[in-house]
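A.B. asks: Let me see the structure of the following:
(chains A and B)
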Amino acid sequence: DQQVKQNSPSLSVQEGRISILNCDYTNSMFDYFLWYKKYPAEGPTFLISISSIKDKNEDGRFTVFLNKSAKHLSLHIVPSQPGDSAVYFCAASVERIKLIFGTGTLLAVQP
Amino acid sequence: DAGVTQSPTHLIKTRGQQVTLRCSPKSGHDTVSWYQQALGQGPQFIFQYYEEEERQRGNFPDRFSGHQFPNYSSELNVNALLLGDSALYLCASSIREYAWETQYFGPGTRLLVL
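C.D. replies: From the prediction side, this is the model:
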């Protein structure tokens, strides 16, 4: 039972354009969401988070949007840079307990 | 400042054997979480240790057990290994329970069960 889904296994974007990574969830009790980035041969690193009381959180080039009615989360990267090429995981929890990860989306930013 | 370190980096075992994986947290972190990442999947939460006690547990059988030491380092033990236990095992440390934003992952131990 995959409670957090990232339906696009990969995404290719030109440098300078917007990257949009999507995540859907099934558990309406999820109230806290995070995005992690992972480079090859390294562990994931925290990128940005959002709680269910907000619908948007911004940190520099990264913005996360939360649509609770659609149970949908998205990460926008503007402008995209070649160094952003990595696997991106979304993750969710209920009251910060038992973090559940999606399957990841491989982002390739072309120079 | 060393980040999270894990040992060994790679391991090959046969079905039925037992394995112990080790993790040293990032300096200043007192909480350790363990994850299993199968090929093509996201990390799956196994359990979290804080103050030398298991505080949270994911949907993993009792064959998976752990320990946290007074210096905050941790071990993951898996008994009666199955082929399906082949995966990358990630350790992550954080400054306290539930502080997922501060979670810092190690590079992982790749376990192959034959």
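A.B. asks: use CA for all of it now, contacts and neighbours both
C.D. replies: Noted.
A.B. asks: Pull the contacting residues for the closest residue to residue A:26 other than its chain neighbours.
C.D. replies: Spatial nearest neighbour of residue A:26, chain neighbours left out: residue A:3 (5.2 Å); criterion: Cα to Cα, 6 or more residues apart in numbering or on different chains. Taking Cα atoms under 8 Å, 6 or more residues apart in numbering or on different chains, we find residue A:3 in contact with A:25-27, A:100, A:102.
A.B. asks: Name the residues of chain A found near chain B, please.
C.D. replies: A:34, A:41-46, A:48-49, A:89, A:96-104 (Cα under 8 Å from any Cα of the partner chain).
A.B. asks: so residue A:9 sits right up against residue A:89, yeah?
C.D. replies: No: Residue A:9 sits out of contact with residue A:89 when judged by Cα atoms under 8 Å, with a separation of 10.6 Å.
A.B. asks: Look at those two and report which has more neighbours.
C.D. replies: Set side by side, residue A:9 and residue A:89 show more neighbours around residue A:89, with 29 against 13, by other Cα atoms under 10 Å in any protein chain shown.
A.B. asks: what about the helices in chain B?
C.D. replies: Counting by DSSP state H, chain B yields no residue ranges for helices.
A.B. asks: Around chain A, which positions in it sit nearby?
C.D. replies: With Cα under 8 Å from any Cα as the criterion, chain B comes near chain A at residues B:40-45, B:56-58, B:90, B:98-108.
A.B. asks: go again using 6 Å as the cut-off
C.D. replies: B:41-43, B:98, B:105-107 (Cα under 6 Å from any Cα of the partner chain).
A.B. asks: Quick one: residues contacting residue 56.
C.D. replies: Here I'm looking at chain A. Residues counted as contacts of residue A:56 (Cα atoms under 6 Å, 6 or more residues apart in numbering or on different chains) are A:64-65.
A.B. asks: That was the other one, I meant chain B.
C.D. replies: Residue B:56 touches B:47-48, counting by Cα under 6 Å, 6+ apart.
A.B. asks: One more pass at 7 Å, please.
C.D. replies: A:98, B:47-48 (Cα atoms under 7 Å, 6 or more residues apart in numbering or on different chains).
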